[in-house]
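Q: Sequence plus predicted model, see below.
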Amino acid sequence: MLWRLIKLLIFLSILAFAGLVSYAYLGPYFGVDFSAPQSEIREPVTLDAN
């Protein structure tokens, strides 16, 4: 009984991993955008050189 549960958990983890990988590769074809938002940030820096 315990061995069947372990096999089921292994099978489900492999299935979840395959689903996550396929979602990452096929997501842009379905309109999902995974890119990070890009914006320019400018901050003044004061250098203390003696």
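A: Yep, it's here. Residues are numbered from 1 along each chain as shown.
Q: So which residue is dead centre in the protein?
A: A24 (7.5 Å; C-alpha atoms, centre = their mean).
Q: Quick check: nearest residue in space to that residue, chain neighbours excluded?
A: F34 (7.3 Å; C-beta to C-beta, 6 or more residues apart in numbering). C-beta here means a position set from N, CA and C on the backbone, and glycine is covered the same way.
Q: pLDDT weak spots in the chain?
A: Applying pLDDT under 70 to the chain flags the ranges 50.
Q: Show me the helices in it, by range?
A: 2-26 (DSSP state H).
Q: could you measure F30 against V21, distance?
A: Noted for F30: a distance of 15 Å to V21, by C-beta to C-beta, to the nearest Å.
Q: Look at those two and report which has more neighbours.
A: Using other C-beta atoms under 10 Å as the criterion, F30 and V21 rank with V21 on top: 10 against 7.
Q: From V45, how far out is S39?
A: As for S39, its distance to V45 is 19 Å (criterion: C-beta to C-beta).
Q: I figured G27 was touching F34, is that so?
A: Yes: in this structure, G27 is within contact of F34 by C-beta atoms under 8 Å, at 6.3 Å.
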